[in-house]
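**Student:** Give me a model of this one.
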Amino acid sequence: QALIAAGELPQPRRTLRFLWLPEMTGTYAYLESLEDDLDKMVAGVNLDMVGEDQEQTGSSWLIERPPDAAASFAPVLLARLRDELPGLKGMTDVSPTHTDLGAYPLYRQAEVAFTGGSDHYIFSDPSVGIPTASLGQGPDRDSHTSADTADRTAPQSLARAGSWAAIYAYWLAAAGPSEVIWLGHEMTARFKIGVVETAQATVTRALTMDDEETISAALAELERRLAYLFDRHKTALLSLRRLAPIECLADDMLAESEQVVNRGLSWAGRAAGLHAATLHLDAFPAPSPPDLSEEELEAEKLVPARLVKGPVPLESHMEKLVDEDREAWRQLLQARKGWSYYTLTTLALYWADGARSLLDIADRVEMEASTRDVELLLAYFRLLEKLGLVTF
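**Tutor:** Next comes the predicted model:
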């Protein structure tokens with residue numbers, strides 16, 4: 001605000017809004033009060049556990065991407081701005097190299113997949129539809145304990161969080177057509193890198209295999225994964241419409257991206273073919289369709305449609321269920337241990353659009369989280385149906 005008032009930054013095109021809310025419950029209440037205006041909200045960033053002293057807490061700076069069902073420009077923009085932080089004037093925790101050519105950060109940082117657990121899981125829900133990445137620090141050995149006190153923060157860490165969030169927010173508020181063109185190219189460049197890395201990972205696996213069937217299955221899985229990544233990249237690119245008209249840009253970027261996908265498949269196929277030739281293997285057979293389990297056959301017949309906006313914290317509704325249903329759910333979770341069920345069921349709910357079968361949803365959750373649990377998803381959606389939160 002000081003820079004805008006001093007004329008050092010142009011007046012932004014869009015409103016910047018700062019929310020200080022009770023976690024989760026405050027966000028539900030806030031969004032419900034503005035339900036008719038959700039489509040006017042361009043994007044957000046969720047700040048949770050920022051400003052920590054990494055040495056005391058054992059944490060890393062984390063960008064948590066939104067769920068794949070809500071693919072958008074948000075995480076790419078946040079990651080690109082992170083890469084600019086070491087070069088900002090006055091930014092600490094940066095060391096020059098031993099030759100003074102270049103510099104590197106002295107803090108831990110990473111970009112991680114969506115797990116939920118904070119307000120971005122509400123904003124990012126496709127039924128709400130506000131592209132929102134999360135910026136925070138974790139894990140924290142003192143989180144949610146009486147040891148989580150103000151002296152666990154560090155001035156340079158707070159400065160980094162403030163600078164990072166402010167640049168992201170101002171960029172979105174001020175962005176016009178030229179900025180959107182740049183961001184579309186940045187998103188496509190990162191997508192292309194991801195395709196090459198994914199194809200090479202398949203090459204690496206295929207070169208350890210010694211029979212036609214497993215090599216063929218690996219190539220088929222690569223084709224399936226790249227189709228999924230391309231579909232999510234397309235959705236993310238089209239989210240730029242929130243900032244400016246991008247039809248011509250999107251067409252060019254998608255055509256370029258599709259060529260890269262085809263080149264990645266060709267790259268892996270040639271490598272696998274050379275490997276097969278050295279082993280004197282026959283031609284690769286077409287992969288056999290998988291045999292579906294009873295649960296998968298049941299899931300194939302069910303198409304869940306959501307009846308309420310926003311994610312569903314099932315634990316908040318358990319008292320409405322009969323004892324038998326509560327106990328069956330408890331035993332199901334006890335057999336799995338840990339909290340993975342929370343993320344898996346949340347991701348599945350995001351994909352439920354009234355058109356996809358539960359089996360298709362399970363396939364997409366597997367692509368996103370590298371875990372397949374059809375039994376869990378069947379039980380979860382059956383409970384949501386009994387609670388009147390979804391219909392089949």
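
**Student:** what sits against the closest residue to T153 other than its chain neighbours?
**Tutor:** The spatial neighbour of T153 that comes closest, neighbours along the chain excluded (C-beta to C-beta, 6 or more residues apart in numbering), is G51 at 4.6 Å. Heads up, the C-betas are built off the backbone N, CA and C, glycines and all. By C-beta atoms under 8 Å, 6 or more residues apart in numbering, G51 lies in contact with Q137, T153, A154, S157, L158, A161.

**Student:** again, only using 10 Å
**Tutor:** 136-137, 150, 152-162 (C-beta atoms under 10 Å, 6 or more residues apart in numbering).

**Student:** how much space between it and V196?
**Tutor:** For G51, the distance to V196 (C-beta to C-beta, to the nearest Å) stands at 36 Å.

**Student:** for G117, same thing?
**Tutor:** For G117, the distance to V196 (C-beta to C-beta) stands at 32 Å.

**Student:** Would you mind telling me which of those two has more residues around it?
**Tutor:** Taking neighbours as other C-beta atoms under 10 Å, G117 and V196 compare with G117 leading, 18 against 14.

**Student:** Confirm that that one sits in a strand.
**Tutor:** No. G117: not assigned to a strand; according to DSSP: H, G, I helix; E, B strand; the rest coil it is coil.

**Student:** Run through the residues that contact it.
**Tutor:** For G117, the contact set (C-beta under 10 Å, 6+ apart) comprises E23, M24, D48, E64, S134, G136, G138, W339, Y342, T343, T346.

**Student:** Just give the closest residue to the second one, not the sequence neighbours.
**Tutor:** What that stands for is M24. Using C-beta to C-beta, 6+ apart and skipping residues adjacent in sequence, the residue nearest M24 is D119, 6.3 Å away.

**Student:** thought the one you found was touching A29?
**Tutor:** No. At 11.6 Å, D119 does not count as touching A29 under the criterion of C-beta atoms under 10 Å.

**Student:** Find the residues that touch each one of those two.
**Tutor:** Joint contacts of D119 and A29 (C-beta under 10 Å, 6+ apart) are L21, P22.

**Student:** In terms of neighbours, single out the busier of these two.
**Tutor:** D119 (25 against 11).

**Student:** can you tell me which of the contacts of G117 are in helices?
**Tutor:** Y342, T343, T346 (DSSP state H).

**Student:** Leaving out the residues flanking it, which one is nearest to I63?
**Tutor:** The shortest distance from I63 to any residue other than its chain neighbours is 4.6 Å, reached at E111 (C-beta to C-beta, 6+ apart).

**Student:** Assign a three-state SS to that neighbour, would you?
**Tutor:** Under three-state DSSP, the three-state class of E111 is strand.
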